[in-house]
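> Sequence plus predicted model, see below.
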Amino acid sequence: MLKEEDGILVGEIVNVSADESVVTDGVVDVTKVKPISFDPFGNAYYGIGKKVGNAFKDGTKLK
């Protein structure tokens, strides 16, 4: 249930940039970026781990 102070934010990404130190062969290397994720249930931050699959490809094997 939404409370008065809750809201929905809708936006558009208009630019993405990355420091040259995290780019490999012209592509951002996520292992160099070392992104983190916030867990709002446990109030904790987690580091993103290794690659576990391929987007838009691995799921087609399930059909």
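Received, thanks.
> In which helix or strand does residue 46 reside?
Assigned by DSSP states H and E, residue 46 belongs to strand 44-47.
> what lines up beside that strand in the sheet?
With DSSP bridges as the test, strand 44-47 is paired with strand 36-39 (antiparallel).
> now the partner strand, how far from the chain's geometric center?
Relative to the centre of its chain, strand 36-39 is centred 10 Å away, using Cα atoms, centre = their mean, to the nearest Å.
> i'd like the first residue to be 49 from this point on
Okay, using 49 as the starting number, the last item reads as strand 84-87.
> pretty sure residue 93 is touching residue 85, no?
Yes - using Cβ atoms under 8 Å, residue 93 is in contact with residue 85, at 7.0 Å. Just so you know, the C-beta spots here come from the backbone N, C-alpha and C atoms, and that holds for glycine as well.
> send the alpha carbons of the strand holding residue 94 over as CSV?
Provided in CSV are the C-alpha atoms of strand 92-95 (Å, rounded to 0.1, in the frame of the first residue of the first chain):
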residue,chain,number,x,y,z
ALA,A,92,23.3,-4.2,3.4
TYR,A,93,25.4,-3.7,0.3
TYR,A,94,26.6,-6.6,-1.8
GLY,A,95,29.3,-6.8,-4.5
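> what ranges of this structure fall below the confidence cut-off?
49-52 (pLDDT under 70).
> ok, which stretches of it are helices?
Along the chain, the stretches classed as helices by DSSP state H are 78-81.
> Strands of this protein, residue ranges please.
Secondary structure of the chain by DSSP state E: the strands cover 71-72, 75-76, 84-87, 92-95.
> For those, give me JSON lines that also has mean neighbour count and distance to residue 104.
Listed next are the strands of the chain as JSON lines, based on neighbours: other Cβ atoms under 10 Å; distance: least, Cβ to Cβ, whole Å:
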{"stretch": "strand 71-72", "mean neighbour count": "11", "distance to residue 104": "22"}
{"stretch": "strand 75-76", "mean neighbour count": "11", "distance to residue 104": "17"}
{"stretch": "strand 84-87", "mean neighbour count": "9", "distance to residue 104": "21"}
{"stretch": "strand 92-95", "mean neighbour count": "9", "distance to residue 104": "24"}
